[in-house]
Every structure is written in structure tokens, then in C-alpha cells.
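1. The sequence and its predicted three-dimensional model are supplied below.
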Amino acid sequence: MPPDAPPTRSLLVIEDGHEYEEFARLFLADGFAIRAAHSAAEALARLTEAPADAFLVDLRFERSPVEHLIGDVDATARRRFAGDVHRAVRYLKEQQGTLVLGRVRQAGFDGPAVFVHDFAARRLANLRKLYGDVHAVPAFDAEAIRRALTGGAP
């Protein structure tokens, strides 16, 4: 793509901070128009404004306030942690990216999604079964992420 050509694809970065967005703007902006969202509600609002072709998703939302998390804290506490609400909140924060991706998929948005995480093969297979086109790249490797987001296209 010529340096002055506008990006042809859109990327929605979904995270609780700004590191993924900064990475994308530094290393992926030559092929993607980049937008960011910091919660499920914000992601769905951005997608309603304009769909995205691909998603870069943070798995852990450790900085998110509890009121911005999706998932039922009390039900998770009862079902998984013998009523321990603190453990349930920690679990929901640690899994928030997959929960947000689930909402995005339920809303009908199906572009490739990439997590920067080293998932076990079985977990990645399960995420693909649940959410379709999901990839994991174990480190912030711009070329590997780009390949995953584009199906190998430049």
C-alpha cells in the first residue's frame, strides 16, 4: 500500500487501558483505521456507529471498575467460588475480553479477533468454537498480529 493511501480496513481495539491502542497506532495504522473501546457497552456503541473489520482484544480488564464489567458477579460467586464475591470479580476481570467478544459476536459482528496471549491449544479451540474467527499471538509481534487480523493478507 502506498504510504499516503488511506487504510482499507477498520480495527476496533477493545481494552481497559490504552497500551493496545498505542501499539496498534504505532505498528498497525498503515493498514487499519483504528478505533478503541474500553468496555462492552462502548464496543457495541462504536460498532453501531461503524462496524469493524477486525478486533484486537485485551483478555484482562484489571483496571475496569466493577460497574463496567459484564457478567453477573453474584451468580459467578455462587456458581464458581462458594459465594466469594472478590474472587468472582477477579475472575470476571481476568476473562472480560472473552466475555466482551461474546457480546460483540451476539450483536452480529464477526471479523477476526486477536488476543495477545499464549492460550493453551484446547482453550483456543474452545474460543473458536464459541466465537468463530479467534486467534492468539503470544507477544506484541506486529507482523504476527497483522497476519492474524488479515488472514495472512498484507
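-> Right, received. Where do you want to start?
2. pLDDT score assigned to residue 22?
-> Per-residue confidence (pLDDT) for residue 22: 98.
3. Who's the closest spatial neighbour of residue 56, skipping the chain neighbours?
-> residue 13 (4.8 Å; Cβ to Cβ, 6 or more residues apart in numbering). From N, CA and C alone the C-beta is placed, and that goes for glycine too.
4. The one you found against residue 36, yeah?
-> Yes: counting by Cβ atoms under 8 Å, residue 13 touches residue 36, with 4.5 Å between them.
5. Those two: which has the busier surroundings?
-> Ranked by neighbour count (other Cβ atoms under 10 Å), residue 13 and residue 36 place residue 13 first, with 27 against 20.
6. on that earlier part again, listing partners with orientation, what would you give for the host helix or strand of the residue nearest to residue 56?
-> Element membership for residue 13, per DSSP states H and E: strand 9-14. Paired neighbours of strand 9-14 in the sheet (DSSP bridges): strand 32-37 (parallel), strand 54-57 (parallel).
7. Tell me which residues touch residue 112, please.
-> 54-55, 133-135, 148-151 (Cβ atoms under 8 Å, 6 or more residues apart in numbering).
8. Quick one: low-confidence residue ranges for the protein.
-> Scanning the chain for pLDDT under 70 picks out the ranges 1-7, 152-154.
9. quick check: longest helix of it.
-> helix 85-106 (DSSP state H).
10. Can I take it that residue 110 is in a helix?
-> No: counting by DSSP: H, G, I helix; E, B strand; the rest coil, one finds residue 110 to be coil, located in no helix.
11. Start at 454, not 1
-> Yes, from this point I'll number from 454; that puts the last item at residue 563.
12. Distance of the nearest residue to it once chain neighbours are set aside relative to residue 559?
-> Nearest residue to residue 563, sequence neighbours excluded (Cβ to Cβ, 6+ apart): residue 585, at 5.7 Å. From residue 585 across to residue 559, the span is 12 Å (Cβ to Cβ, to the nearest Å).
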